[in-house]
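In: Quick one, structure for this:
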Amino acid sequence: MFFDVLRGKKPSVLGFCIGAVVGLVAITPGAGFVGIAHSAFIGFIAAIVSNLAVSLRTISNVDDTLDVFPCHGIGGMVGMLMTGIFASKVVNGAGVDGLFFGNWEFFFTQLKGMLLVSIYAFSVAWLIF
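Out: Numbering: from 1, shown residues only. Next comes the predicted model:
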């Protein structure tokens, strides 16, 4: 909602609700692996990225009336990648540290996983279509 105001748009309850949903979608992959401050940062960044994706969608001919992909798809991708950055053994001893804590491998594992899931989802959706 605040990002909309900074861009000169009118604040709305819908913008607030979409931002809350995107924040929750983005932190879902990292739940139990990132700390509170990092989870708030992940939600903040995902909300901005999703808002920009919604703006791009509005100038295109893509028919996504409810902005499902910019909110859930892009928000989930941002959350998945940022989990690879901010995961910490301090939060979950059974987990691994992320890129922010010096573990490049886990970030690239998250990146490969995101790419594979995206390719699979696109392919299966294309076949169904």
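In: Name the single longest helix found in the protein.
Out: helix 104-128 (DSSP state H).
In: Residues touching that helix, excluding its own?
Out: Outside helix 104-128, the residues within contact range by C-beta atoms under 8 Å, 6 or more residues apart in numbering are M77, M80, L81, T83, G84, I85, A87, V96, D97, G98, L99. For every residue, glycine as well, the C-beta is placed using N, CA and C.
In: what secondary structure does the third one sit in?
Out: Under the three-state scheme (DSSP: H, G, I helix; E, B strand; the rest coil), L81 adopts helix.
In: Could you check the pLDDT of it?
Out: Here the pLDDT value assigned to L81 is 97.
In: any idea how far A37 is from it?
Out: Remark: distance between L81 and A37 (C-beta to C-beta, to the nearest Å) = 18 Å.
In: follow-up on the earlier one: which residues belonging to the longest helix of the chain are considered buried?
Out: Judged by neighbour count using 16 or more other C-beta atoms under 10 Å, the buried positions of helix 104-128 are F106, F107, Q110, M114.
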